[in-house]
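J.: build me a structure from this.
(4 chains)
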There are 4 protein chains.
Amino acid sequence: MSQPFTITRRVEFGDTDMAGIMHFSNFFRFMEVAETAFLRSHGLTVSWTEGGQSYGFPRVSTACDFQRPLRFEDEVTIAVSVEKIGKKSISYKFTFTLAGQPIAEGLMSSVYCRKSGGVLESLDIPPDLRAKLEA
Amino acid sequence: MSQPFTITRRVEFGDTDMAGIMHFSNFFRFMEVAETAFLRSHGLTVSWTEGGQSYGFPRVSTACDFQRPLRFEDEVTIAVSVEKIGKKSISYKFTFTLAGQPIAEGLMSSVYCRKSGGVLESLDIPPDLRAKLEA
Amino acid sequence: MSQPFTITRRVEFGDTDMAGIMHFSNFFRFMEVAETAFLRSHGLTVSWTEGGQSYGFPRVSTACDFQRPLRFEDEVTIAVSVEKIGKKSISYKFTFTLAGQPIAEGLMSSVYCRKSGGVLESLDIPPDLRAKLEA
Amino acid sequence: MSQPFTITRRVEFGDTDMAGIMHFSNFFRFMEVAETAFLRSHGLTVSWTEGGQSYGFPRVSTACDFQRPLRFEDEVTIAVSVEKIGKKSISYKFTFTLAGQPIAEGLMSSVYCRKSGGVLESLDIPPDLRAKLEA
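T.: Numbers count the residues shown, from 1 in each chain, chains lettered A, B, ... in the order given. From the prediction side, this is the model:
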């Protein structure tokens, strides 16, 4: 649906675990860094307040397949593609590569929500927000 | 394949994010806590050294569907079931509930590996290890 | 000033780093777990909403001396003592031990604050809150 | 002792907590990012293997004073100065600023160690390593 948007991120010492590789949970942290950079590049963000109300894109599902490990000081490239913009949700695909070699593939689906009194309520993505996401 | 093995874990302040809920990446940290508790209860662990060599169960794929958010101080119950023990891999299912309400469902597949000179090599799960996992 | 309040916590796989020991930043996460458990045992919490306003105890300074490393599956004991309750702040001392051996010593000072429009404002600790902390 | 070495780092969504600010433990993660970037700029690293043995700079003490909070998407500047290179240890000072405003000040002392059979042994910093640190 869109050309991939790309970031790079270095694996920090604190991202590793005793197996000497990046802890698997940090692939999701890295996906989020790529997702928020993508949104920022479209003039958007992942959590904001407007007219006294909180809006955001909480995740409803995510997955990752790990092909090769990452190590301390690796500078991984993460490509973000929008797979689908639905009525209320957006789905991203993330491709991790290191020096051209495949590392991991991730998926994430987020739903457009308003937070009222601590409760998350999903909403239709409004036209102006959709236009920015599709830009 | 097996009766669920169950743990509880409290959501800590540092597990939350600015949306006021547990950060989604921490569901994978919690799955790991449940996975290692499950292995421990079978006399096993997730990463060990034997005869001067390192062995372990690095994850090859994982996924999570989020149904309801968790908040600071929630004490979530995580049930672990072994979905499949293959030739080289083991697949787990994780069910998160809070006071009986469904919160999230996760999957994780780990491959039995030996680490030689920084390289991970997948191996057939040996009979004694398989027997412990199936116990 | 007070008898130590004690918790135990297991080092999880994801708490370790490539040096094979608990990552030093997680000692602060563990201090927080002990601090919030201490507050909970006094009927208090670290961040709450009252009359439509947010209150809490953000940290203004913290420190830790590391004597011995912690490893995966270690069950560390953390003793919390209140060092001082000042006009607006509270200072804690944390002592980490493993099977009686000293592991680390930490300090943390938190200031009682109200959050108004995203701005943190320090306040005098009110008498009822002070009474609970000193209980 | 040295001119400050400077990096910038953006606060990610996953670095925040339910108080809407960067979780205090992440200041230590950010210090480490600055420390390892400093070492890298001197041709060094924080954990390495040489002649079949593991060496590194585990931290023996660290502290941080928090002056102002950081929020999601803030791009904080972290200046690293070497305070002292002792016989076996190195001490750093970290100054966090945002658009020129003071945010936090941190300290960290690391000891040069060899890891033999899972045990950390402190050593005198050898002349070639000292020369690189002082470069």
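J.: which stretches in chain A count as strands?
T.: A:5-10, A:47-50, A:53-56, A:59-66, A:75-85, A:89-98, A:101-111, A:113-116, A:119-122 (DSSP state E).
J.: elements contacting the second one?
T.: The one in question is strand A:47-50. strand A:53-56 (3 or more C-beta pairs under 8 Å, 6 or more residues apart in numbering or on different chains; DSSP states H and E). For glycine as for every other residue, the C-beta is placed from the backbone atoms N, C-alpha and C.
J.: dump the residue contacts of the nearest residue to A:Met108 once chain neighbours are set aside.
T.: Counting by C-beta to C-beta, 6 or more residues apart in numbering or on different chains, A:Met108 lies nearest to A:Thr62, which is 4.5 Å off, once chain neighbours are set aside. A:Thr62 makes contact with A:Phe28, A:Met31, A:Gly106, A:Leu107, A:Met108, A:Ser109, B:Phe24, B:Ala63, B:Cys64, according to C-beta atoms under 8 Å, 6 or more residues apart in numbering or on different chains.
J.: what helices or strands is the longest helix along chain A leaning on?
T.: As assigned by DSSP state H, the longest helix anywhere in chain A is helix A:25-41. When contacts are defined as 3+ C-beta pairs under 8 Å, 6+ apart, helix A:25-41 sits against strand A:5-10, strand A:59-66, strand A:75-85, strand A:89-98, strand A:101-111, helix B:25-41.
J.: what angle separates it from strand A:89-98?
T.: Counting by axes from the mean of the first three to the mean of the last three C-alpha atoms, to 10 degrees, helix A:25-41 points 120 degrees away from the direction of strand A:89-98.
J.: between strand D:5-10 and helix A:25-41, find me the angle.
T.: 80 degrees.
J.: just the angle for helix A:25-41 relative to strand A:75-85, thanks.
T.: Computed by the same axes, to 10 degrees, the angle between helix A:25-41 and strand A:75-85 is 60 degrees.
J.: ok, and for helix A:25-41, which residues are buried?
T.: For helix A:25-41, a neighbour-count test (16 or more other C-beta atoms under 10 Å in any protein chain shown) marks A:25-39 as buried.
J.: what does stretch A:94-104 give?
T.: For stretch A:94-104, burial by neighbour count (16+ other C-beta under 10 Å) applies to A:Phe94, A:Thr95, A:Phe96, A:Thr97, A:Leu98, A:Ile103, A:Ala104.
J.: so can I have CSV of those residues showing distance to B:Leu129?
T.: Below are the buried residues of stretch A:94-104 laid out as CSV (distance: C-beta to C-beta, whole Å):
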residue, distance to B:Leu129
A:Phe94, 33
A:Thr95, 34
A:Phe96, 30
A:Thr97, 33
A:Leu98, 31
A:Ile103, 28
A:Ala104, 26
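J.: now the two most distant members of those residues.
T.: Pairwise distances across the buried residues of stretch A:94-104 (C-beta to C-beta) peak at 13.8 Å, for the pair A:Phe94 and A:Leu98.
J.: okay, which residue is most central for chain A?
T.: The centroid of chain A falls nearest to A:Glu35 when counting by C-alpha atoms, centre = their mean (3.0 Å).
J.: that one against A:Ser91, yeah?
T.: No. In this structure A:Glu35 lies outside contact range of A:Ser91 using C-beta atoms under 8 Å: 11.0 Å.
J.: do you know how far the nearest residue to A:Glu121 once chain neighbours are set aside is from chain D?
T.: Spatial nearest neighbour of A:Glu121, excluding adjacent residues (C-beta to C-beta, 6+ apart): A:Arg114 at 5.2 Å. Distance of A:Arg114 to chain D, computed by C-beta to the nearest C-beta, to the nearest Å: 17 Å.
J.: burial of A:Arg114, as a residue count?
T.: If you count neighbours by other C-beta atoms under 10 Å in any protein chain shown, A:Arg114 ends up with 14.
J.: for it, list the residues it contacts.
T.: Going by C-beta under 8 Å, 6+ apart, A:Arg114 touches A:Gln53, A:Ser54, A:Tyr55, A:Leu120, A:Glu121, A:Leu123.
J.: are any of those residues buried, and which?
T.: A:Ser54, A:Tyr55, A:Leu120.
J.: contacts only, for the closest residue to the first one other than its chain neighbours.
T.: Using C-beta to C-beta, 6+ apart and skipping residues adjacent in sequence, the residue nearest A:Ser54 is A:Lys115, 4.0 Å away. By C-beta under 8 Å, 6+ apart, A:Lys115 lies in contact with A:Gln53, A:Ser54, A:Tyr55, A:Gly56, A:Glu121, B:Ala19, B:Gly20.
J.: right, and A:Ser25 touches B:Arg29 too?
T.: Yes. In this structure A:Ser25 lies within contact range of B:Arg29 using C-beta under 8 Å: 5.2 Å.
J.: spell out which residues of chain A are next to chain B.
T.: Proximity of chain A to chain B, by C-beta under 8 Å from any C-beta of the partner chain, involves residues A:18-21, A:24-26, A:28-29, A:32, A:47, A:54, A:56, A:58-66, A:69, A:115, A:118, A:120.
J.: confidence score at the closest residue to A:Cys113 other than its chain neighbours?
T.: Excluding the flanking residues, the one nearest A:Cys113 by C-beta to C-beta, 6+ apart is A:Leu120, at 4.6 Å. The per-residue pLDDT reported for A:Leu120 equals 83.
J.: still on that earlier bit, name whatever forms a beta bridge with the residue nearest to A:Ser54.
T.: The partner list for A:Lys115 in beta bridges (DSSP bridges) reads A:Ser54, A:Leu120.
J.: which residue packs closest to A:Tyr112, ignoring adjacent ones?
T.: Nearest non-adjacent residue to A:Tyr112 (C-beta to C-beta, 6+ apart): A:Ile125, at 4.8 Å.
J.: was I right about A:Phe57 contacting A:Ser110?
T.: Yes. In this structure, A:Phe57 is within contact of A:Ser110 by C-beta under 8 Å, at 3.8 Å.
J.: identify the contacts common to those two.
T.: The contact sets of A:Phe57 and A:Ser110 overlap at A:Val46, A:Ile90 (C-beta under 8 Å, 6+ apart).
J.: neighbour count: these two, which is higher?
T.: The neighbour count for A:Phe57 versus A:Ser110, taken as other C-beta under 10 Å, is higher for A:Phe57 (24 against 21).
J.: coming back round to it: out of the strands of chain A, which comes closest to B:Gly86?
T.: Smallest distance to B:Gly86 across the strands of chain A (C-beta to C-beta): 15.8 Å, for strand A:59-66.
J.: not counting stretch A:33-40 itself, show me its contacts.
T.: Contact with stretch A:33-40 is made by A:5, A:7, A:9, A:45-46, A:57, A:78-80, A:92, A:94, A:108, A:110, D:12-13, D:73, as judged by C-beta under 8 Å, 6+ apart.
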